[in-house]
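Trainee: give me the fold of what follows.
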Amino acid sequence: MIGKKILEALQKKGISQYRAAKELGIGAPRLNQYIKDERYPDHDMILRLCRFLDITPNYLFDIPEKPALQKEILTEFFIAVENWLQKNKLTMEVTDKIELVFALYDYLAPLPAEQRTAQVIDLTSLLYKNKKVS
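Mentor: All right, here's what the predicted structure looks like:
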């Protein structure tokens, strides 16, 4: 499972298994066992591998990385929610707006920009009508 990722990272950095094992303080046969998925590293070794190879544990275990929050998208969502509330003459506590914006972000940030705002408005309307938002 993680062996392939270790090997990919080694090859990408141009580091031999022998050199990597030496730098990590383990024998080359042990590193080879990790690469062949015959043995799994303990938590400490996983962290050392990640630091040495400049990778994340998510990469190592093939877990998709969550994109960094983009301030522009959060601002876009906040403005869309605020405009919808004003248009409908409704109010919402600031903390509720922030919670809503972050919830929407998880679902809508990957969409193309032209689709996001409409989806924010549709979901805000739906949530408000279903009293999920006060």
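Trainee: dump the residue contacts of the closest residue to Ile55 other than its chain neighbours.
Mentor: With sequence-adjacent residues excluded and distances taken as CB to CB, 6 or more residues apart in numbering, Ile55 is closest to Ala9, at 5.1 Å. C-beta here means a position set from N, CA and C on the backbone, and glycine is covered the same way. Counting by CB atoms under 8 Å, 6 or more residues apart in numbering, Ala9 touches Leu53, Asp54, Ile55, Tyr59.
Trainee: got a PyMOL select line for the buried ones in those residues?
Mentor: Buried residues among the contacts of Ala9 (16 or more other CB atoms under 10 Å), as a PyMOL selection:
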select buried, resi 53+55+59
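Trainee: can I get the contacts of Ala9 in TSV including pLDDT, distance to Gly3 and secondary structure?
Mentor: Shown next, in TSV, are those (pLDDT from 0 to 100; distance: CB to CB, whole Å; DSSP: H, G, I helix; E, B strand; the rest coil):
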residue	pLDDT	distance to Gly3	secondary structure
Leu53	95	13	helix
Asp54	93	18	coil
Ile55	91	13	coil
Tyr59	88	13	helix
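Trainee: which SS class is the residue nearest to Ile55?
Mentor: helix (DSSP: H, G, I helix; E, B strand; the rest coil).
Trainee: confidence score at it?
Mentor: For Ala9, the model assigns a pLDDT of 96.
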